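Novice: Sequence and computational prediction follow.
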Amino acid sequence: MINKATAGIFMLGVLSVLLFACSGAQEIYPPPVNPFLSGAPALDKTTLAQPTKAVLVWLEAQGTTAPPESAQRALAEKIKQKFPAGKPLEIVGVTTIPAPAGDPLPELRKASAPFQVRQALVVMPNAAEMSSPVWLKYGQNGSGPGTRTDSYISIALVAIDLDTGTRLFSVMSNGAARLWKMDYEDARPFYPRISPGAYSSAFIYPERNAFPPGEVRTVALEDAVNGLIYKLDQAIGS
């Protein structure tokens, strides 16, 4: 993830990057989607029995703006690792499946069966992306046309009683990231940069000419997952 795939994070002021366009771009998060979301009460309005064991079932986002499947699987595992045995909420395992096309409950029960628990945490991301032209200035004299790509992710988690199909609670989280790159194939000494989070002034700055495909979406998804972990941990994970 972020800390392994990059050489470091530098503050915007240190990088001396000036953006002359799109400085007022609005955040446009996609609506949360989850086949179990309708009728699910918010977590802060729910009293839960503790301790609770559950399996995490990740419904993979699809489409041209979706984060890479490998990133979705890795971040599903990250959620699991934050809720080990001994916590009020214990995630005993994780599985990723495509979003069901029909009745989702039979598919959810089938995916959850190997873990032998009564509850499932069903997580599904939704992604949106927009690109716009920018004029980038770097160093003392360098400048040129570039592109800013904004990736927005919403995540909806719904806890399900696998025996009855009851929606127990829901949690929502948003994430964002921005990619700045020159429109030239090789624009050194300017390298592509990703800023994680909606308001962060930090940059992922690996000093290579290109990020892996979909990396800005991966960073936005991790931002959303971090928010989801925080909300769960604050409510029932400590």
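Specialist: Yes, it's here.

Novice: Run a quick neighbour tally on Glu129.
Specialist: Neighbour count of Glu129, defined by other CB atoms under 10 Å: 21. (Each C-beta comes from the backbone N, C-alpha and C, glycine too.)

Novice: how far does the particular helix or strand that has it in it sit from the chain's center?
Specialist: Following DSSP states H and E, one finds Glu129 within strand 119-138. Computed by CA atoms, centre = their mean, to the nearest Å, the separation of strand 119-138 from the middle of its chain amounts to 8 Å.

Novice: oh, and call the first residue 55 from now on, that's how I've got it
Specialist: Got it, the first residue is 55 from now on, which makes the last one we talked about strand 173-192.

Novice: Pairing partners for that strand, with directions?
Specialist: Sheet pairing of strand 173-192 (DSSP bridges) gives strand 72-73 (antiparallel), strand 106-114 (parallel), strand 196-215 (antiparallel).

Novice: mean confidence for stretch 142-153?
Specialist: The pLDDT scores in stretch 142-153 average 95.

Novice: so Ile133 sits right up against Val109, yeah?
Specialist: No - judged on CB atoms under 8 Å, Ile133 makes no contact with Val109 at a distance of 11.5 Å.

Novice: and for those two, which residues touch both?
Specialist: Shared contacts of Ile133 and Val109 (CB atoms under 8 Å, 6 or more residues apart in numbering): Ile145, Val148.

Novice: mind listing what the residue of the chain most remote from its centre touches?
Specialist: Computed with CA atoms, centre = their mean, the residue of the chain farthest from its C-alpha average is Asn195, at 36.4 Å. Applying CB under 8 Å, 6+ apart, one finds that Asn195 lies in contact with no residue.

Novice: Ok, the one 4 residues further on next?
Specialist: Taking CB under 8 Å, 6+ apart as the contact definition, Pro199 lies against Pro187, Val188, Trp189, Leu190, Met236, Asp237.

Novice: and it, bridged to which residues?
Specialist: Per DSSP bridges, the residues bridged to Pro199 are Trp189.
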